[in-house]
Each structure stands twice: as structure tokens, then as C-alpha cells.
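Peer 1: what shape does this take:
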Amino acid sequence: MRQMLLVSLVVLLAGCGPAVVDTPILVEDVPANLRQIADENLPDVKFDQAIRRSDGTYEIRGKDAKGKVRDIDLAADGKVIEIE
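Peer 2: The predicted structure is shown next:
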């Protein structure tokens, strides 16, 4: 019984990896090539917030002319992950 409890605990803890950490950064600190991709994909958005994630991806967020919040998630190599 004790061994089963110990094995269960080890399995449970093994599945708990490090959390993804989001670091707010200035839009100006986003690599220029990623800012350019964001501007090309959302040309009417004025970007004012950015987040760098520990997995190397970026989220760049802003508002369009109507005030709607829009964001784009980009991989470090410039691949567009998601546009909202």
C-alpha cells in the first residue's frame, strides 16, 4: 500500500513541469522583424503592449481604429501562431 502511494505521488509530481512565465516588455523591445510581421498582418492596429513568453514566443497587443483589442502571437522565427 505504501509503495502504491509513493508511486502515485512520483507520477503526479513528474507531470508538474515548470510554468510558462509571461514577461511584459515594451513594444519597442520586440524584435523588429516580428513588429513588421505584426504590422503587416494587422495594419490598422496601434500596438501598445507586448509579452515575451519563456517558450520564446511573443504576444503583441493593441487597438484598432474602432477601439477593439487585437493581438497577434508570433514564434521567434516569425511564424504567426494566432491572430485574435
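Peer 1: pull the longest strand from the chain.
Peer 2: Counting by DSSP state E, the longest strand found in the chain is strand 46-53.
Peer 1: hmm, Asp29 is touching Ala50, no?
Peer 2: Yes: at 7.0 Å, Asp29 and Ala50 qualify as touching, with contact defined as CB atoms under 8 Å. Bear in mind the C-beta positions are built from the backbone N, C-alpha and C, glycine included.
Peer 1: measure Asp29 to Lys46 for me?
Peer 2: 17 Å (CB to CB, to the nearest Å).
Peer 1: sorry, that was for Arg52
Peer 2: Arg52 is 20 Å from Lys46, by CB to CB.
Peer 1: low-confidence stretches in the protein?
Peer 2: 1-20 (pLDDT under 70).
Peer 1: need the helices for it, in chain order.
Peer 2: Under the criterion DSSP state H, the chain contains helices at 2-14, 32-41.
Peer 1: mind listing what's buried in the shortest one?
Peer 2: Read it as helix 32-41. 34-35, 37-38 (16 or more other CB atoms under 10 Å).
Peer 1: try stretch 67-77
Peer 2: Neighbour-count burial for stretch 67-77 [16+ other CB under 10 Å]: 70-74.
Peer 1: just give me the closest of those residues to Lys63.
Peer 2: Nearest to Lys63 out of those is Arg70 (CB to CB; 7.0 Å).
Peer 1: ok, the closest residue to the closest one other than its chain neighbours - how many residues close by?
Peer 2: Once flanking residues are discounted, Arg70 sits nearest to Val45: 4.9 Å by CB to CB, 6 or more residues apart in numbering. Look at Val45: counted by other CB atoms under 10 Å, it has 20 neighbours.
Peer 1: ok, Val45 touching Val69?
Peer 2: No: at 9.1 Å, Val45 does not count as touching Val69 under the criterion of CB under 8 Å.
Peer 1: lovely, talk soon.
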